[in-house]
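Asker: below is the structure, and that's it, no one-letter string:
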Ligand code: MN
């Protein structure tokens, strides 16, 4: 089945701002609360949020095998379970409904009022209920930088790194959508030159510039997913800010890896951009530096050219970009990650989220965390307002954005924006 929704020549009857992340060729999926306090599944074209539950009730998806309530839910999990063929039929149909040559909805005032919302009338929610969350560590540049700072510059990359897409299991309970503020975590740290640990607010709160993919039901327990079939089970992607507390991390991570330094919050962009929409932006991954074991060898282009950037906005100040990177720099691609994750028979379900690990480029202006940008605080960033940052300060807002661009159109993710609040204070009773 062709992806007619990707037709670069298609125009819509909706007004689209120039350089929008959401032209009619994007058609992402999300969940939002409407002006009437109803939760619905929707898509976005330009600056309009579109209620798919209403469209379905009005018969616009007739002929596509969908249950009556598939879009009247507070998560996308069931729709994602329907599989790739259904995602593609629905996306193609949405493109048709909003095509400039289709007058059915365009000229029906009553239907339009029920289906279309402006962004200030809605509030984005978590798009899926995340059952399980895994964080990989797939940027060679990031792993090398962190290994140099936390361990030994001469042996920065551990011996397994070039053979295994290294990862760990995180917490899904603290994954939150853009716009929700995060409190500075407290925890246990070992100050330099001390011999007993102390408890208090983390002094080294950081972001990690990552992307995450969302899976459908992929396998039964015991059944590995072959690397070249892995993409059939990936619904789409979001931008992922994996908030981190570096001082807590440094003390706690031996020998089992990250724990409380990572699971206090991770923030995501709320619109899931489908793999179908990203199809025109396929590109090569870096060449493997070691012979890969057969289950990790893939054919074709399995990475995507996605421009990424992080901005910082101090309280009352203006936003400035502090780094630019690209998803295509990742050494391990999503197909290898999913093949590796399931090679032992671990089951993967609809709504599972797998993050890439911090995406750093090879140059200092493309590093994906403050830890790397300031080299563990030794080279503070100077901001336009004259202040300096080693890590993220209370009331700073971190904004991440991502988009693909070719000669024909731009497909973007919007943004994930979150403010770091001071340490949580219990409310007085
Ligand atoms: Mn991470």
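Answerer: Arrived safely, thanks for sending. Not measured: the values here are computed from a predicted model.
Asker: contact partners for residue 10?
Answerer: 24-25, 95, 99-100 (C-beta atoms under 8 Å, 6 or more residues apart in numbering). C-beta: built from backbone N, CA, C; applies to glycine.
Asker: please report the distance of it from residue 95.
Answerer: Per C-beta to C-beta, to the nearest Å, residue 10 is found 6 Å from residue 95.
Asker: what about residue 271, neighbour count?
Answerer: Using other C-beta atoms under 10 Å, residue 271 is surrounded by 29 other residues.
Asker: picking that back up, tell me which two in the contacts of residue 10 are the farthest apart.
Answerer: Pairwise distances across those peak at 13.3 Å for 25 and 100 (criterion: C-beta to C-beta).
Asker: in terms of neighbours, single out the busier of these two.
Answerer: residue 25 (21 against 12).
Asker: quick one, phi psi at that one?
Answerer: phi -80, psi -10 (degrees, to the nearest 10).
Asker: contacts only, for it.
Answerer: Going by C-beta under 8 Å, 6+ apart, residue 25 touches 5-8, 10, 95, 277, 409, 411.
Asker: just the ones in strands from these, please.
Answerer: Assigned to strands by DSSP state E, the following of the contacts of residue 25 qualify: residue 411.
Asker: just the buried ones from the contacts of residue 25?
Answerer: Buried by 16 or more other C-beta atoms under 10 Å: 5-6, 10, 95, 277, 409, 411, out of these.
Asker: which one is residue 60 nearest to, not counting chain neighbours?
Answerer: Among residues not flanking residue 60 along the chain, residue 97 sits closest, at 5.6 Å (C-beta to C-beta, 6 or more residues apart in numbering).
Asker: ok, that neighbour - how many residues close by?
Answerer: By other C-beta under 10 Å, neighbour count at residue 97 equals 18.
Asker: quick check, it in contact with residue 103.
Answerer: No - taking C-beta atoms under 8 Å as the definition, residue 97 is not a contact partner of residue 103, at 10.6 Å.
Asker: which one among the contacts of residue 10 gets closest to the ion?
Answerer: residue 25 (30.3 Å; C-beta to the ion).
Asker: mind checking pLDDT for the residue of the chain found nearest the ion?
Answerer: For the chain and the ion, the shortest gap (C-beta to the ion) falls at residue 242, measuring 3.5 Å. pLDDT, residue 242: 98.
Asker: returning to that earlier point: quick check: neighbours shared by residue 10 and residue 95?
Answerer: Shared contacts of residue 10 and residue 95, defined by C-beta under 8 Å, 6+ apart, comprise 24-25.
Asker: where's residue 193 relative to residue 208, distance?
Answerer: The gap separating residue 193 from residue 208 is 28 Å, by C-beta to C-beta.
Asker: neighbour count winner among these two?
Answerer: With neighbours defined as other C-beta under 10 Å, residue 193 and residue 208 compare such that residue 208 has more, 27 against 5.
Asker: what sits against that one?
Answerer: 241-244, 357-358, 368-369 are the contacts of residue 208 under C-beta under 8 Å, 6+ apart.
Asker: ditto for residue 50
Answerer: By C-beta under 8 Å, 6+ apart, residue 50 lies in contact with 42-44, 94, 98, 115-117.
Asker: and it, that's in a helix?
Answerer: No - the assignment for residue 50 (DSSP: H, G, I helix; E, B strand; the rest coil) gives strand, which keeps it out of a helix.
Asker: neighbours of the closest residue to it other than its chain neighbours, how many?
Answerer: Spatially, and ignoring its direct neighbours in sequence, residue 50 is nearest to residue 43 (4.9 Å; C-beta to C-beta, 6+ apart). Residue 43 has 24 neighbours, counted by other C-beta under 10 Å.
Asker: neighbouring contacts of the strand or helix carrying residue 43?
Answerer: Following DSSP states H and E, the helix or strand that holds residue 43 is strand 39-45. Strand 39-45 is contacted by residues 12, 14, 16, 22-24, 26-34, 49-54, 70-74, 76, 79, 94, 98, 117, 122, 125, 271, 414 when judged by C-beta under 8 Å, 6+ apart.
Asker: narrow those residues to those in helices?
Answerer: 52-54, 79, 94 (DSSP state H).
Asker: put together a markdown table for those, with distance to the ion, pLDDT and neighbour count on each row.
Answerer: Output for the ones in helices among the contacts of strand 39-45, formatted as a markdown table (distance: C-beta to the ion, whole Å; pLDDT from 0 to 100; neighbours: other C-beta atoms under 10 Å):
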| residue | distance to the ion | pLDDT | neighbour count |
| --- | --- | --- | --- |
| 52 | 32 | 98 | 24 |
| 53 | 34 | 97 | 21 |
| 54 | 37 | 97 | 21 |
| 79 | 27 | 98 | 23 |
| 94 | 33 | 98 | 21 |
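Asker: looking at these, which is nearest residue 151?
Answerer: Nearest member of the ones in helices among the contacts of strand 39-45 to residue 151, counting by C-beta to C-beta, is residue 79, at 43.9 Å.
Asker: quick one: the strands in the stretch 51-200 of the chain?
Answerer: 116-118, 123-124, 133-136, 167-169, 175-177, 182-183, 186-189, 198-201 (DSSP state E, counting those that start in this stretch).
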